[in-house]
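Student: Whatever this is, show me its structure:
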Amino acid sequence: MTLTQHDIDQEIATERAAYEKRIADGAPVEHQPRRDYAPYRSSVLRHPKQPPIPIDVTKDPELVELRSPAFGERDITEIDNDLTRQHTGEPIGERITVEGRLLDRDGRPIRGQLVEIWQANSAGRYAHQREQHDAPLDPNFTGVGRTLTDDSGFYRFTTVQPGPYPWRQHVNAWRPAHIHFSLFGSAFTQRLVTQMYFPSDPLFPYDPIIQSVTDDAARQRLVATYDHSLSVPEFSMGYHWDIVLDGPHATWIEEGR
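Tutor: Below is the predicted model:
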């Protein structure tokens with residue numbers, strides 16, 4: 001049977017009602033989504049099916065890095081955090097500035113941490129060889145950037161407003177506009193990945209991924225705030241979004257922690 005948006009809406013409502021009952025019965029607030037959140041079908045495919053690989057770091061502490069991603073040895077440049085300046089021409093779309101702080105559970109800044117982002121272009125298409133959405137590519141927009149947090153934990157990116165896109169989990173499934181964030185500690189194995197959304201997106205109620213964060217307050221922490229002081233005159237709109245790595249006000253991290 002074809003899975004429809006109506007089916008997903010009913011499942012989301014059922015999950016929300018079950019969560020509210022757990023809270024009413026005295027269960028703790030769930031800041032992170034459950035891995036068995038039924039409306040998000042493809043999450044099952046992402047869960048490990050094999051036990052973790054044991055690594056004896058007492059013999060070689062760097063051995064763990066051999067099983068982790070590897071990137072080119074290239075310093076961060078002055079345009080790595082400006083996705084509008086990485087090509088010879090101007091990208092198409094509304095330019096935005098995104099700024100915030102990387103914080104620990106006590107609100108202290110986390111300094112010198114690598115922050116990477118990737119996103120769809122203004123038409124809702126990723127510059128990726130496995131992309132299936134037939135929206136147009138933008139030759140002047142790759143959709144990736146990176147930066148380091150400063151001494152106060154601040155990061156800053158200049159980019160374009162990403163577009164929503166279909167993702168084919170069910171009939172007429174659309175993802176709200178969002179930017180993926182990747183955060184590194186002192187090693188690749190400490191990498192955390194999350195998503196930032198934009199205020200008042202009409203697709204929020206229909207998206208099982210953001211709705212998998214069942215608690216309203218936790219879900220709201222994924223939504224940036226429009227900040228006029230961050231807008232650049234005649235150039236870009238401004239959004240503020242802090243990322244908290246731990247504690248009761250932590251930002252949702254993909255796949256739990």
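Student: tell me the phi and psi of I243?
Tutor: Main-chain dihedrals, I243, degrees, to the nearest 10: phi -120, psi 120.
Student: which residues in the stretch 101-250 of the chain form helices?
Tutor: 208-211, 216-220 (DSSP state H, counting those that start in this stretch).
Student: Now render those helices as CSV, adding mean neighbour count, mean pLDDT and distance to I243.
Tutor: Quick note: C-beta positions are derived from backbone N, CA and C, even for glycine. Listed next are these as CSV, based on neighbours: other CB atoms under 10 Å; pLDDT from 0 to 100; distance: least, CB to CB, whole Å:
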stretch, mean neighbour count, mean pLDDT, distance to I243
helix 208-211, 22, 95, 16
helix 216-220, 14, 94, 13
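Student: Of all those, which one comes closest to Q50?
Tutor: Set against Q50 and scored by CB to CB, those come closest in helix 208-211, at 24.5 Å.
Student: what's the first-to-last distance across stretch 27-38?
Tutor: This stretch, stretch 27-38, spans 20 Å end to end (CA to CA, to the nearest Å).
Student: contact partners of it?
Tutor: Stretch 27-38 is contacted by residues 11, 15, 19, 22-23, 43, 47, 208, 212-215, 217-218, 248, 250, 252-253, 255-257 when judged by CB atoms under 8 Å, 6 or more residues apart in numbering.
Student: Quick one, which of these are buried?
Tutor: Buried by 16 or more other CB atoms under 10 Å: 11, 15, 19, 43, 208, 212-215, 218, 250, 252-253, out of the contacts of stretch 27-38.
Student: Make TSV out of the residues you listed and add distance to T77.
Tutor: Putting the buried ones among the contacts of stretch 27-38 into TSV (distance: CB to CB, whole Å) gives the following:
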residue	distance to T77
E11	45
E15	44
Y19	45
S43	36
P208	38
S212	36
V213	34
T214	41
D215	39
A218	35
A250	31
W252	30
I253	28
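Student: picking that back up, reformat the helices of the stretch 101-250 of the chain as a markdown table; add distance to P164.
Tutor: As requested, these are arranged in a markdown table below (distance: least, CB to CB, whole Å):
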| stretch | distance to P164 |
| --- | --- |
| helix 208-211 | 12 |
| helix 216-220 | 17 |
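Student: Go through these and name the closest to R146.
Tutor: Using CB to CB, the helices of the stretch 101-250 of the chain put helix 208-211 closest to R146, at 23.5 Å.
Student: tell me which strands and helices the closest one is in contact with?
Tutor: Helices and strands touching helix 208-211, by 3 or more CB pairs under 8 Å, 6 or more residues apart in numbering; DSSP states H and E, are helix 5-24, strand 192-197.
Student: quick one, which of those is packed in tightest?
Tutor: Across the helices and strands packed on helix 208-211, averaging neighbours per residue (mean count of other CB atoms under 10 Å) puts strand 192-197 on top, at a mean of 18.
Student: contact partners of that one?
Tutor: Residues from elsewhere that reach strand 192-197, judged by CB under 8 Å, 6+ apart: 98, 176-183, 204, 209-210, 222-224, 241, 243, 245, 251-255, 257.
Student: Next: stretch 112-120.
Tutor: With contacts defined as CB under 8 Å, 6+ apart, stretch 112-120 is touched by 83, 102, 126, 143-149, 155, 157, 159, 162-163, 165, 177-185.
Student: Inside strands: which ones of these?
Tutor: Using DSSP state E, the members of those that fall within strands are 102, 144-148, 155, 157, 159, 165, 178-183.
Student: Buried ones among those residues?
Tutor: Neighbour counting with 16+ other CB under 10 Å marks 102, 144-147, 155, 157, 159, 165, 178-183 as buried within those.
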